[in-house]
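Colleague: The following comprises the amino acid sequence and a computationally predicted model.
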Amino acid sequence: MLRGNPEIPRQLGQTFHLDNGVRGSAKFSDCGNYRSYLSRSWHPGPTVLWLCMNPSSATHVLDDATSRKLTRHSRRLGFGKLFLLNVMDYRATDPGQLPAGEERSAWNVDEIRRCARHATCVALAYGGLRQNPRWIGYANDAVEACHGAAMCRVATNQNGSPRHPRRFPTNFELQC
């Protein structure tokens, strides 16, 4: 399933075809700058919602390094589906590319809330957010939208924030 414009802007990173047996869906803004929703499914089973920092180049048919890593780890952990949503839904490979005041769409928190209702657990993985107060506020809004869901993380950074997927150890368990 695809909604919106998934065209990958030139500045976004490398992409990969989905692993065999994995189906994807995504929701993009009409301009293609925002991705509010990404899912991967491979069998019936529990669903994990990964709440990361901001989306990169993954689409309904292509993975980026983060979505590929999270899909493989989610399969290893026994999940049958994942949602990948973000504190900020503007697509950029480098947080320094996020346009100030436009990092998050008006519908982002509603999409997080909707997906959290269908997830077995919410895995926090948005990293340190560069200690940007506005971004930390966005993270607080996103976590609040998941109210009532089981909250997990892989590990914690020194500042207490949940570790970003790039920093995950090879074999980890979710800490709930």
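Modeller: Sure thing, it's come through. Numbering: from 1, shown residues only.
Colleague: Could you list which residues are in contact with Gly160?
Modeller: By C-beta atoms under 8 Å, 6 or more residues apart in numbering, Gly160 lies in contact with nothing. (C-beta placed from N, C-alpha, C; glycine too.)
Colleague: One more pass at 10 Å, please.
Modeller: Counting by C-beta atoms under 10 Å, 6 or more residues apart in numbering, Gly160 touches Gly128.
Colleague: again, but for the one 10 residues further on
Modeller: Contacts for Thr170 (C-beta under 10 Å, 6+ apart) come out as His73.
Colleague: mind checking the SS state of it?
Modeller: Three-state call for Thr170 (DSSP: H, G, I helix; E, B strand; the rest coil): coil.
Colleague: Over to Gly24?
Modeller: Secondary structure assignment for Gly24 (three-state DSSP): strand.
Colleague: Can you give me the neighbour number for it?
Modeller: Residues lying near Gly24 (other C-beta atoms under 10 Å) number 20.
Colleague: Which secondary structure element is home to Ser36?
Modeller: Using DSSP states H and E, Ser36 falls within strand 35-41.
Colleague: and that strand, which strands flank it?
Modeller: Sheet pairing for strand 35-41, assigned by DSSP bridges, gives strand 23-28 (antiparallel), strand 81-86 (antiparallel).
Colleague: could you dump the first one to CSV, C-alpha only?
Modeller: Right, the one you point to is strand 23-28. Output of strand 23-28 as CSV, limited to C-alpha atoms (Å, rounded to 0.1, in the frame of the first residue of the first chain):
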residue,chain,number,x,y,z
ARG,A,23,5.7,-6.8,2.4
GLY,A,24,5.9,-3.1,2.9
SER,A,25,3.5,-0.1,3.0
ALA,A,26,4.1,3.6,3.5
LYS,A,27,2.4,6.9,3.7
PHE,A,28,4.0,10.1,2.4
